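Asks: I'll drop the sequence and a predicted model, then ask my questions.
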There are 2 protein chains.
Amino acid sequence: MLRQQKFGVEPWAIRETGLNLDDLGPAESVFALANGHIGLRGNLDEGEPFGLPGTYLNSFFEYRPLPYAEGGYGYPETGQAVVNVTNGKVLRLMVDDEPLDIRYGDLRSHERVLDFRSGTLTREFEWVSPAGKAVRVRSERLVSLAQRAVAAIRYTVSAVDQPVLVVVQSELVANEEQPSAVNDPRVEAALHEPLRPAGHFLDDSGVTLLHRVERSGLRMAATMAHDIDAPDGFQVHSSAHENLGRTTVTCRLLPGRHLRIVKHLAYGWSSQRSLPALNDQVRAARSVARYYGFEGLLDEQRRYLTDYWSSADVEIEGDPQLQQAVRFALFHVLQAGARAERRAIGAKGLTGPGYDGHTFWDTETFVLPMLSHTAPDAAADALRWRQAILPEARARATQLGLSGAAFPWRTVRGTECSGYWPAGTAAFHINADIADAVIRHVQTTGDADFERTTGLELLVETARLWMSIGQHAPAGGFRIDGVTGPDEYSAVADNNLYTNLMAQRNLSGAVAACERHPGGAGELGVDADELAAWRDAAEAMVIPFDDKLGVHAQSEGFTSHAPWDFAGTPADRYPLMLHFPYFDIYRKQVVKQADLVLAMQLCPEAFTPEQKARNFAYYEQITVRDSSLSAATQAVIAAETGHLDLAYDYLSETALLDLGNLAGNTEHGLHIAALAGAWSGVVAGFGGLRPLSTGLALSPRLPQALTRIAFRLRWRGRCLLVEITHEQAVYRLLYGDDLELRHHGEPVTVPRDGSATRPIPAPEAVEPVHQPAGREPLARRIRSGQPGAGLV
Amino acid sequence: MLRQQKFGVEPWAIRETGLNLDDLGPAESVFALANGHIGLRGNLDEGEPFGLPGTYLNSFFEYRPLPYAEGGYGYPETGQAVVNVTNGKVLRLMVDDEPLDIRYGDLRSHERVLDFRSGTLTREFEWVSPAGKAVRVRSERLVSLAQRAVAAIRYTVSAVDQPVLVVVQSELVANEEQPSAVNDPRVEAALHEPLRPAGHFLDDSGVTLLHRVERSGLRMAATMAHDIDAPDGFQVHSSAHENLGRTTVTCRLLPGRHLRIVKHLAYGWSSQRSLPALNDQVRAARSVARYYGFEGLLDEQRRYLTDYWSSADVEIEGDPQLQQAVRFALFHVLQAGARAERRAIGAKGLTGPGYDGHTFWDTETFVLPMLSHTAPDAAADALRWRQAILPEARARATQLGLSGAAFPWRTVRGTECSGYWPAGTAAFHINADIADAVIRHVQTTGDADFERTTGLELLVETARLWMSIGQHAPAGGFRIDGVTGPDEYSAVADNNLYTNLMAQRNLSGAVAACERHPGGAGELGVDADELAAWRDAAEAMVIPFDDKLGVHAQSEGFTSHAPWDFAGTPADRYPLMLHFPYFDIYRKQVVKQADLVLAMQLCPEAFTPEQKARNFAYYEQITVRDSSLSAATQAVIAAETGHLDLAYDYLSETALLDLGNLAGNTEHGLHIAALAGAWSGVVAGFGGLRPLSTGLALSPRLPQALTRIAFRLRWRGRCLLVEITHEQAVYRLLYGDDLELRHHGEPVTVPRDGSATRPIPAPEAVEPVHQPAGREPLARRIRSGQPGAGLV
């Protein structure tokens, strides 16, 4: 058990008992509800105190200036930042003459439960006002997975032992004050009160507020309506103002009696639709919500989640905390992507304002593999979003003097928002990562229609990009010089191995897709010469290898660099980038996050088992894991190379990253990719899942601490259940046709409606690998009683 | 003759006839007067019209924010920018009821002359007011080289053919309005009206204004007094206000009569001295000026310059324009450094606000070699300034995790002001460049006292820096990874050859200096182990060489990079950095400015003649010369490798850079290093001067176009005159003891008060070298009638 754990351990929920005012921020992220379209942070109903108030609509943003001390050609001068939109979560409560504020009076009990099967956040507490009046409050909150524009709160207040007069003020609040996150006054100004009032309406059903964002021009609407169950004699009145909608319910409660309010919320935004259209749209959604009622919405929510878990659940026996953490991860990844519907899945999902709400490469690399296997429609939609921003990506490529499409390193809606090109624009691997997600999605789902209509164009345009970035060198080999790989502690290097292998995969994948869809390829202007060029480049790709050391080089020359002085770097100097200059970090052998090791996971066939073992040992000793995007990959390759207990430690770290606030910044939002990494730690790590060219392949093997794991996988119209113990693996088809797969390299046929059982081969003994001093897995350090260290 | 030439060609002056309002800005830089302490742009006396008004005091600056879209450890957040100080140049003239403004009325004639021997800017013009009243005005302006706090203007106005009433308003103007140069409102705000009034005084002698700069806290004083020669009945009155001092002279002039005003100006600033002290200081300086009178100041000025030219002049026969340009260059380099006196010599001298008034590496690399040979006290003082900012440089090294001192890439007063680290902080070669200037200065002057008190500390602290930047690699060799050389079209590369060779020179030079000054070395904590370590590192320095191509590599891997597509780059896409992203420029074989070629000039003994020839040919074909810091070096190595006519073209380009406004940005100030490069183009190029370990060495040889050059050199207490024709070189000692030197490798003894004559060996035939398409020397292109292209 991790000592830092703050939440009760149970298999299907996160239960918080008591309340720590210092930890409100991280808990608001943990308790965030979202459906990929709307996101509500787990703020308290009464609005205050808060860590960071937050309500988000996917892709609803404002422009912000990107300043440079010294500019350069092609530097983006305008960024995009998610906007904290109208807050509909607020239900303030007055108890007699005292506002309910948990910082005052006496909080007798306080419990919050995030339930992974009902998709609700439930809160119950009993509070005694300074004047001695006790109330019990229960609120249930959901963001509907079935009705993407809808959220709802069922709020119940009861008198405990004396009669009380209660006033509930249910509100819509626009432009609420926030703690400042930036120190640049221009940016501050751009994001201060970003919502310009554009209309406020009061009708007999509720209140609607319309706003417009100044520079991005986006328009939004939020509306609320209430169903009230109260003792006779209650009074209700509502009002609407530019930045405030309020419905006030007043009633007297005798002991044991309650007031119950169901607050129906609906949100909408558009860059195209008029304000009247938006106004109508959210009222319609609100009507749907009231038509269902809270119980109806709840039923739909449970149904949606039952369906999800039936093909996504991961069971872990032997570590209840890990079981909980992995389900927490699966739940939040679903919340981030479920109903994004051709909008981006951000690095923080819709749980916080971190990274300005941007989407990076890790969506394709960490999140989409899981979604393709568990919620394939969401994965397809995320890639359709990439297709939708191809015009911006093509324009960016043109601006950079390149062909095809150059996707933004970070963005809300398609344009490059990265203000530091060596770790932004130069990280061209994002384009191969998108291509890889396409290839994997098509391989996993067998969705030829998706490939033809969406995947093909993405593959072709990214392949073209690589042809313009790389070159056939006179001395031989297709070189990709001056780019940055996943490891952000190196930059602008020649022949980054990860990038080269992924570009190779991109080029080969584009060839294969064009061959499968000659008509579509022709429409995209691909001819035989272009295909031949892609093939040639892929075949000639430079793969840097250090013969002396017998390991691959992360990039050309990397292994000649000085080693980082790990022994001379105390714990409080991590993460390194906050304590050392880039120039020093870049020129030394120190790795922020899996780079070459990630290549071994994503391109497994490019390495022999011996190379994987040697490479892992070499890079493990110089990887400091200052990024949350590393432990999952280290878990996977540790497992593959026989370091099963180390894999378990890394899996625990990525799974517990936000529940344990191990990176110290969960307040700004959850690390969705790291959470998705918990899935891959289990499925690709202990399950050994690899998307090989020969088809589905697994190599299951458990660490000592676990007795059984089971996971479900969607695979080309099937759902496969994999149950692993130390002795054997059972492959069972929950539905779908007979399946051929490989178990530790041996072919296995799983019959329709049946199963196949295979023994787990005994692992070979391996030499232990080592991490830099003080950078062993956090889980291990925490278990041994040491404090956690920061990741970012 | 260059067609773009705008100035009359004469040997000792720049004469402008007529006035082109579109070219006011560049002419203001060309006609700037300075003494290294005070700088006055060549603005018109009447203040308007102007290109860019400018009055500067060396090192008088304000802080400005350096913003980043994405910050990083060690990024400087505060920059420094020179301030346009109180303008004392203004003398407005009212002719009857019409203010003299050359944009109105009729300008019958207008001539300005910058005289290199008197150090004056003289202006004469005849103007007829819209009402038909003609006046003739003559102004003579000087910034005293002898009295560093003093400037003076003798202003004479005459009536031509009718009686006129004239009013002259002689002013001190603070915070004059300027065209905006930045687009960042925060920076704009920081530099808007930077002078805060701190006192204004009117006495019977004149007017004094005191100001303070808000954030830097610097204080300044400017004062003026007038001597007036006018027909009887004239009136004078003065007034002082916070930002304005004014002395008004009114008189009636009959035809042929004149009013003459001598305006004495004195400036002072301090970070330490009080305002009353500054107030007194400038009044004292003003008294000195009045004591001398204008003629007295002029006599001193001529004397100072006669002395300078006697040991600095360069005579060129066969190209009068080049003769003029080279003297123009020598004059302005002197103006930049003469009286800087332990303050920086900026990239623009004191001629304009370009680069925020910063000083870079090019002062040590281009300017100081010339000054060590022609004005050694100024060179020594510039290096003493470096010594003075050692505390800041040591603190910067510590911040960066390095030892010794890390000098700022750009600064006004010592702290790093570079906002883009790959071409700033990473360009550590500046430290070796400073060390090189020390070594060269000591070698040139033989000044052991300077070496002991100043040079030693600079050498030791920079040597220590290199030991912490580089490493002895396990595979052998002392490597310096991840740094940026002079060529700004590559960055953050491993083993940049220039950097490695210069670091080697730095380490060896430090060893030698410590051995000569063991006591001083001991005080700096240098022991035998440290000396041994420097020796080892210098000996083991990695020198990248491409065996296949048979040329040195600018840095490791450089010659594997893709060639730039020169054929596909039209002329209007230069300079490349304004039209292509850094990522693309950095990863291709394209060179902005001499880098490896500069190494061949500064470290001549590290290359064989064959290597120099091959290297020059290889790099010449990929060097686009988008920097003004390249042509001079290309001239030198072109000459050495036998391309004498090409050397002549490059010399012409660097010498004419500002007179021809070839870079298009002369308005922002002169390119002092490029002008100093004109000296090295002659002396190191056609003279073949090299500071070899064996002593003074020359290898004179002329291009076809020139018939004779002669230059003077100071060398260890001597002044050597070198006269070169196509047939022979005559070495004559103007003063000083017998001198041993090498002439084309052969030892020659020049006797005291005598000379030695040697024949010029016939040059070997060489294969022509080629430049990228469209990037041949500008001089050649302009001669052939093509328009100039931009350099920056």
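Replies: That came through, no problem.

Asks: Pull out the buried residues from the host helix or strand of residue A:520.
Replies: Assignment of secondary structure by DSSP states H and E places residue A:520 within helix A:518-523. Within helix A:518-523, the residues scored as buried using 16 or more other C-beta atoms under 10 Å in any protein chain shown are A:520, A:521. (Glycine included, C-beta is placed from N, CA and C.)

Asks: quick check: mean pLDDT across it?
Replies: The average pLDDT for helix A:518-523 rounds to 98.

Asks: helices or strands up against that helix?
Replies: helix A:456-469, helix A:497-516 (3 or more C-beta pairs under 8 Å, 6 or more residues apart in numbering or on different chains; DSSP states H and E).

Asks: got a list of contacts for it?
Replies: Contacts of helix A:518-523 with the rest of the structure, by C-beta atoms under 8 Å, 6 or more residues apart in numbering or on different chains, involve A:452, A:456, A:457, A:460, A:513, A:514, A:515, A:531.

Asks: So which of the helices and strands packed on helix A:518-523 is nearest chain B?
Replies: Proximity to chain B, assessed across those by C-beta to the nearest C-beta, is greatest for helix A:456-469 (8.6 Å).

Asks: quick one: the closest one to helix A:497-516, angle?
Replies: Counting by axes from the mean of the first three to the mean of the last three C-alpha atoms, to 10 degrees, helix A:456-469 lies at 130 degrees to helix A:497-516.

Asks: hmm, who's touching stretch A:245-253?
Replies: By C-beta under 8 Å, 6+ apart, stretch A:245-253 touches A:135, A:157-159, A:163-172, A:200, A:202, A:206-209, A:222, A:224, A:226, A:228, A:230-231, A:233-240, A:259, A:261.

Asks: follow-up on the earlier one: including mean neighbour count, could the helices and strands packed on helix A:518-523 go into a markdown table?
Replies: Shown next, in a markdown table, are the helices and strands packed on helix A:518-523 (neighbours: other C-beta atoms under 10 Å in any protein chain shown):
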| stretch | mean neighbour count |
| --- | --- |
| helix A:456-469 | 26 |
| helix A:497-516 | 25 |
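
Asks: okay, those in a markdown table with distance to residue B:625 next?
Replies: As requested, the helices and strands packed on helix A:518-523 are arranged in a markdown table below (distance: least, C-beta to C-beta, whole Å):
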| stretch | distance to residue B:625 |
| --- | --- |
| helix A:456-469 | 26 |
| helix A:497-516 | 32 |
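
Asks: you'd agree residue A:654 is up against residue A:682?
Replies: No. At 10.1 Å, residue A:654 and residue A:682 do not qualify as touching, with contact defined as C-beta atoms under 8 Å.

Asks: the more surrounded of these two?
Replies: Ranked by neighbour count (other C-beta atoms under 10 Å in any protein chain shown), residue A:654 and residue A:682 place residue A:654 first, with 36 against 31.

Asks: show me where the stretch 251-400 of chain A has helices.
Replies: Ranges of helices in the stretch 251-400 of chain A, per DSSP state H, counting those that start in this stretch, are A:275-312, A:320-337, A:362, A:368-374, A:376-388, A:390-399.

Asks: most neighbours per residue, which of those?
Replies: Most buried of the helices of the stretch 251-400 of chain A, by mean neighbour count (mean count of other C-beta atoms under 10 Å in any protein chain shown): helix A:368-374, with a mean of 28.

Asks: With just CA atoms, put that one into CSV.
Replies: Only the C-alpha atoms of helix A:368-374 are listed here, as CSV (Å, rounded to 0.1, in the frame of the first residue of the first chain):
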residue,chain,number,x,y,z
LEU,A,368,-5.6,5.8,-28.9
PRO,A,369,-4.1,2.3,-28.7
MET,A,370,-6.3,1.8,-25.6
LEU,A,371,-9.4,3.3,-27.2
SER,A,372,-9.0,1.4,-30.4
HIS,A,373,-9.2,-1.8,-28.3
THR,A,374,-11.9,-0.6,-25.9
